[in-house]
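*Asks:* Provide a 3D model corresponding to the input given below.
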Amino acid sequence: MTVAVFVDTNVLVYARDAREPRKQARATAWLEFLWRQQSGRTSTQVLSEYYVTLTRKLEPRVPSVEAWDDASAFLAWRPQPIDEAVMQRGREIEQRYRLVWWDSLIVAAAQLQGCALLLSEDLQDGADYGGVTVRNPFTLEVSEPTATYAVATVAARRHPPRGRPRRATAGQPEGRARLIAPQAHRCADATPLTSQHRNSLIASARFGIVPIPFRSSTRWMKVKPSNIRHDMRRARMCSPWLRLAFGPLSMKGA
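*Replies:* Numbers count the residues shown, from 1 in each chain. Below you'll find the predicted structure:
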């Protein structure tokens with residue numbers, strides 16, 4: 001299986017640099033191999049750097065027309081443009097791997113093109129950046145199978161999960177019953193009952209509505225009981241407010 005291979009600027013430059021015959025031969029062999037396999041990938045950033053290096057930095061300088069013809073030939077590789085997606089991915093790579101900005105854009109372009117191998121002399125040989133393995137083209141044999149760097153594809157889920165359903169813990173009721181279930185610990189630190197509160201509790205109980213104060217909220221949740229006698233007994237067992245309002249609990253009076 002032939003995998004996509006991203007080529008950095010230095011590989012293209014060494015293929016034109018006669019001052020380094022050994023590296024020139026190896027870079028040329030890699031480019032010829034990728035042309036035959038039709039697996040070469042690059043980016044517009046790389047081609048821009050390549051053109052500038054040939055016309056301004058390489059000795060002897062390459063004429064602009066010749067340099068442009070050489071660089072434009074790699075447009076057949078459909079280079080990755082430096083768009084919003086590359087910049088966003090490059091920022092993530094910069095923060096995660098602490099690379100310089102321009103190297104982060106190189107890795108981002110390789111990732112977005114699905115490359116498993118990145119040929120570069122500038123990055124650390126053997127480093128893995130999110131599935132993209134960096135290799136030095138001058139130490140890696142051209143005949144070495146690149147299929148070993150293929151990224152395993154994972155089948156996409158047909159129905160992605162939308163979050164775990166909420167589950168009740170042991171001994172805790174579910175749903176709305178959990179909100180209105182009387183619990184003694186919620187009222188354990190209730191403030192002392194005033195006469196005004198006591199009178200309002202008694203008046204509410206006469207109309208069949210039992211107010212239960214909650215520690216975590218200043219509002220009272222009102223529960224209309226089907227059997228006021230049974231609910232009053234249950235509320236007085238867990239609420240110090242109601243015990244103060246109606247006195248100690250009595251099995252006969254409850």
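*Asks:* For the stretch 1-150 of the chain, which segments count as strands?
*Replies:* Along the stretch 1-150 of the chain, counting by DSSP state E, counting those that start in this stretch, strands occupy 5-7, 40-41, 117-119, 128-129, 132-135.
*Asks:* Reformat these as TSV; add mean neighbour count and distance to Arg56.
*Replies:* Backbone N, C-alpha and C define where each C-beta goes, glycine included. What follows is the strands of the stretch 1-150 of the chain, written out as TSV (neighbours: other Cβ atoms under 10 Å; distance: least, Cβ to Cβ, whole Å):
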stretch	mean neighbour count	distance to Arg56
strand 5-7	27	21
strand 40-41	24	25
strand 117-119	25	23
strand 128-129	16	29
strand 132-135	22	27
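*Asks:* With distance to Ile93 as extra columns, can I get these in CSV?
*Replies:* Shown next, in CSV, are the strands of the stretch 1-150 of the chain (distance: least, Cβ to Cβ, whole Å):
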stretch, distance to Ile93
strand 5-7, 14
strand 40-41, 17
strand 117-119, 12
strand 128-129, 6
strand 132-135, 10
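*Asks:* Put together CSV for those strands, with mean pLDDT and distance to Glu141 on each row.
*Replies:* Output for the strands of the stretch 1-150 of the chain, formatted as CSV (pLDDT from 0 to 100; distance: least, Cβ to Cβ, whole Å):
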stretch, mean pLDDT, distance to Glu141
strand 5-7, 97, 14
strand 40-41, 96, 17
strand 117-119, 97, 12
strand 128-129, 96, 20
strand 132-135, 96, 10
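*Asks:* out of the ones you listed, which comes closest to Val107?
*Replies:* Evaluated over those, closeness to Val107 peaks at strand 128-129, with 4.8 Å, by Cβ to Cβ.
*Asks:* Looking at the strands of the stretch 1-150 of the chain, spot the one closest to Gln80.
*Replies:* strand 40-41 (7.3 Å).
*Asks:* Next, the contact list for the closest residue in space to Thr139 that isn't next to it in sequence, please.
*Replies:* Once flanking residues are discounted, Thr139 sits nearest to Asp125: 6.6 Å by Cβ to Cβ, 6 or more residues apart in numbering. By Cβ atoms under 8 Å, 6 or more residues apart in numbering, the contact set of Asp125 is Val134, Arg135, Asn136, Thr139.
*Asks:* mind giving me a markdown table with those residues and columns for distance to Cys115?
*Replies:* Output for the contacts of Asp125, formatted as a markdown table (distance: Cβ to Cβ, whole Å):
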| residue | distance to Cys115 |
| --- | --- |
| Val134 | 11 |
| Arg135 | 11 |
| Asn136 | 16 |
| Thr139 | 19 |
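*Asks:* which stretch among the strands of the stretch 1-150 of the chain comes nearest Trp101?
*Replies:* Per Cβ to Cβ, nearest to Trp101 of the strands of the stretch 1-150 of the chain: strand 128-129, 14.4 Å.
*Asks:* in its sheet, what does the closest one sit against?
*Replies:* Neighbouring strands of strand 128-129 in its sheet, by DSSP bridges, are strand 132-135 (antiparallel).
*Asks:* How about residues contacting the strand it pairs with?
*Replies:* So strand 132-135 is contacted by 6, 107, 110-111, 115-120, 123-128, 149 (Cβ under 8 Å, 6+ apart).
*Asks:* so what's Arg135 bridging to?
*Replies:* In this structure, Arg135 bridges to Leu119 when assessed by DSSP bridges.
*Asks:* where exactly do the helices run in this structure?
*Replies:* 9-14, 21-37, 44-52, 64-72, 84-97, 101-112, 175-180, 195-206, 228-238, 240-246 (DSSP state H).
*Asks:* show me what contacts the closest residue to Leu99 other than its chain neighbours?
*Replies:* Distance criterion Cβ to Cβ, 6+ apart; nearest residue to Leu99, sequence neighbours excluded, is Ile93 at 6.2 Å. For Ile93, the contacting residues are Leu99, Ser104, Val107, Ala108, Gln111, Tyr129, Gly130, by Cβ under 8 Å, 6+ apart.
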